[in-house]
Each structure stands twice: as C-alpha cells, then as structure tokens.
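Enquirer: Here you go, sequence then predicted model.
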Amino acid sequence: MQENPNRIYTTLTTHGLRHDTLPMRLYHKAKKLGIWDPREIDLTQDRQDWLKLPDEYKERLRGLIVSFQAGEEAVTLDLLPLIMTIAREGRLEEEMFLTTFLWEEAKHTEFFRRVLDDVLQEQNDLHVNRSSSGGRDIFADVLPREMNRLLTDPSPVNQARASVLYNMIVEGVLAETGYYSFSRILSQTGLMPGLQQGIQLIKRDESRHIAYGVFLISRLVAQDKSLWPVVEARMNELFSAIDRSQQENGTPDVIRDYARQQFEKRLARIGRAREQSVEQIYQGPESEEAAETETV
C-alpha cells in the first residue's frame with residue numbers, strides 16, 4: 001500500500017476555491033470581523049469600577065471570569081485534533097476557516113488573562129475557584145478525551161461527538177449562558193466598559209464558531225442519516241447533565257430558559273439535515289437569523 005498517495009491540490013483543480021460554501025463565507029467574515037486586539041481594549045475604568053463593587057458582585061464576576069479563562073484555554077488547546085482531521089480529509093475551505101477559529105480562541109484566552117491581571121490584579125493560583133459542570137470537569141476531562149480521540153479514530157461518529165461537545169455544548173450552552181450572565185450583571189449599570197467590549201467581540205467570534213459546528217454536524221448527518229440518533233442522544237445527554245447542575249447550583253430560571261432555547265434551536269437546525277443533501281448543507285446560511293427564516 002502506498003503510504004503517501006499523490007497529493008491533489010484543491011486550488012489547482014478546475015473549481016479552485018469554492019467561495020460560495022458556508023465555511024468559506026465564514027472565513028471571509030472572520031477576516032473582516034475577527035481583527036481586534038485584546039491589548040488595545042482600555043481597561044482603566046474597569047479597574048476603578050472593580051474597586052467600588054460590593055463583595056457579592058465581585059465574587060460573581062470573579063467566578064465567571066475564572067470559568068471563562070479556563071474554558072478559553074481549554075478550547076484553544078483542544079481544537080487541534082479537529083483541524084488535523086479536517087485537513088487530512090482534504091477539506092481545504094473548512095480548514096481555512098478553522099485557522100481563524102484557533103487564532104480567535106487564542107485571543108479570547110489572552111483577553112480574560114488581561115482582565116485578571118489588569119482589573120482584578122489577581123496573581124494567586126485560581127484552580128480552587130473553578131467549578132465543574134454536571135459532576136464532571138468538562139474542560140479538564142471530557143473535552144480533551146473527546147477531541148483527542150480523533151487523533152486515533154477520526155470516524156464520522158467521533159467527529160460528530162467531538163463537535164457536539166465543543167461547539168454545541170461548551171460554546172453553545174456554557175459560554176452563551178456565561179455571556180448572558182455577564183450582561184445581566186453589567187449592562188444595566190454601565191460598569192466595566194472594557195470587559196463589556198471584549199465580551200461583545202468574543203460573542204461575535206463565537207457566533208461563527210457555533211455556525212461552523214452546526215454546519216459540520218449537519219454535513220456529517222447529511223452524508224450518513226444513521227448518525228442523527230447518535231447526535232440527538234448525545235446532545236440531549238450533555239445538555240441534561242448541565243441543566244441539572246445549573247438547577248442544583250441555583251442558576252436563575254431565566255438563564256436556564258435562555259440556554260434551553262439556544263440549545264433546542266440548534267438541535268432543530270441539525271435535525272433538518274436528515275432531509276437535505278450535502279450540497280444544500282454547504283449552501284446553507286451562516287447566520288442564525290437567516291437560518292430561522294429559511295425554508296426546507
């Protein structure tokens with residue numbers, strides 16, 4: 001068996017780069033919208049606001065910031081197996097988008113560390129401030145295990161499971177409910193404008209990441225309809241564990257309801273792939289707003 005088959009260069013084929021596909025449209029968006037520098041966000045007022053905050057608010061914000069810091073570092077480290085899998089399949093347009101994805105996660109990691117350094121001026125070991133979800137440490141245990149499995153078995157079912165966890169649960173449930181919690185604490189008061197600015201920029205980046213996750217899982221389901229029960233069961237299993245944990249920890253109903261709404265919307269979108277061709281998936285809308293008005 002030939003170990004290294006002759007390479008076919010996508011950009012030298014008759015179709016070249018397919019700029020009309022969803023991954024390439026996300027790539028073009030990332031080039032325009034992802035160009036922001038965490039070091040240029042002014043955190044001067046944030047430090048002053050932090051010093052005036054009541055201890056109760058400080059603890060809530062510290063918990064959110066520490067959770068995001070750990071989460072952003074984890075997703076930066078654990079994305080590489082998926083990028084390698086997509087690259088080995090020769091899906092150039094998808095890999096091009098994923099290069100922006102990884103770069104953005106690195107910037108998110110940098111931003112939250114800036115907040116810890118310059119606003120909270122926190123130099124202690126913060127591992128003790130972290131809490132796990134659903135009785136498991138998703139970022140230290142479940143996520144690296146699911147993602148690294150792709151290095152030895154990059155099967156479609158493992159790709160689907162990896163993207164469900166990474167894009168639909170970590171980004172689409174944990175991160176989005178975190179943004180919502182930040183907004184509830186800060187937006188009405190106008191406090192900590194630099195933190196608010198950074199979160200808005202991160203949310204904009206993450207919307208593209210989640211859109212790619214919906215695309216990837218949908219493509220896999222469109223290619224093999226038998227994957228749908230696996231995807232549906234895994235998504236519901238993971239969401240139920242997090243929802244139970246949130247309920248036990250006293251997460252407000254409004255936040256839990258928001259998380260469920262976002263989760264169910266994306267699950268329904270992926271479910272449509274059972275009736276779609278792969279080409280229809282590639283031509284799908286990149287924004288959730290457009291997806292909600294599309295007809296199938």
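Expert: Structure received.
Enquirer: How about the contacts made by the residue nearest the centre of the chain?
Expert: The structure's the chain has its C-alpha centroid closest to residue 171; by CA atoms, centre = their mean the separation is 3.2 Å. With contact taken as CB atoms under 8 Å, 6 or more residues apart in numbering, residue 171 is in contact with 75, 206, 209-210, 213. Where C-beta positions appear, they are placed from N, C-alpha and C, glycine not excepted.
Enquirer: how does it look with 6 Å?
Expert: Counting by CB atoms under 6 Å, 6 or more residues apart in numbering, residue 171 touches 206, 209-210.
Enquirer: could you measure it against residue 202, distance?
Expert: Per CB to CB, to the nearest Å, residue 171 is found 11 Å from residue 202.
Enquirer: Kindly report the same for residue 71.
Expert: As judged by CB to CB, residue 71 and residue 202 stand 11 Å apart.
Enquirer: again with residue 191
Expert: Taken as CB to CB, the span from residue 191 to residue 202 is 18 Å.
Enquirer: Buried residues, stretch 273-292. List them.
Expert: Neighbour counts over stretch 273-292 (16 or more other CB atoms under 10 Å) mark 273, 276, 281-282, 284-286, 291 as buried.
Enquirer: what do you get for stretch 203-211?
Expert: 205-211.
Enquirer: Residue 32: which of those residues is nearest?
Expert: Nearest to residue 32 out of the buried residues of stretch 203-211 is residue 208 (CB to CB; 11.0 Å).
Enquirer: Now that closest one: phi and psi?
Expert: Note on residue 208: backbone dihedrals following degrees, to the nearest 10 are phi -70, psi -40.
Enquirer: from what I can see it touches residue 26, true?
Expert: Yes. Using CB atoms under 6 Å, residue 208 is in contact with residue 26, at 5.0 Å.
Enquirer: number of nearby residues for residue 255?
Expert: With neighbours defined by other CB atoms under 10 Å, the count for residue 255 comes to 16.
Enquirer: residues contacting it?
Expert: So residue 255 contacts 177, 180 (CB under 6 Å, 6+ apart).
Enquirer: Mind doing that once more with 10 Å?
Expert: 176-178, 180-181, 184, 246 (CB atoms under 10 Å, 6 or more residues apart in numbering).
Enquirer: Quick one: distance of the helix or strand hosting it to the chain centre.
Expert: Using DSSP states H and E, residue 255 sits in helix 253-271. The chain centre lies 15 Å from the centre of helix 253-271; the measure is CA atoms, centre = their mean, to the nearest Å.
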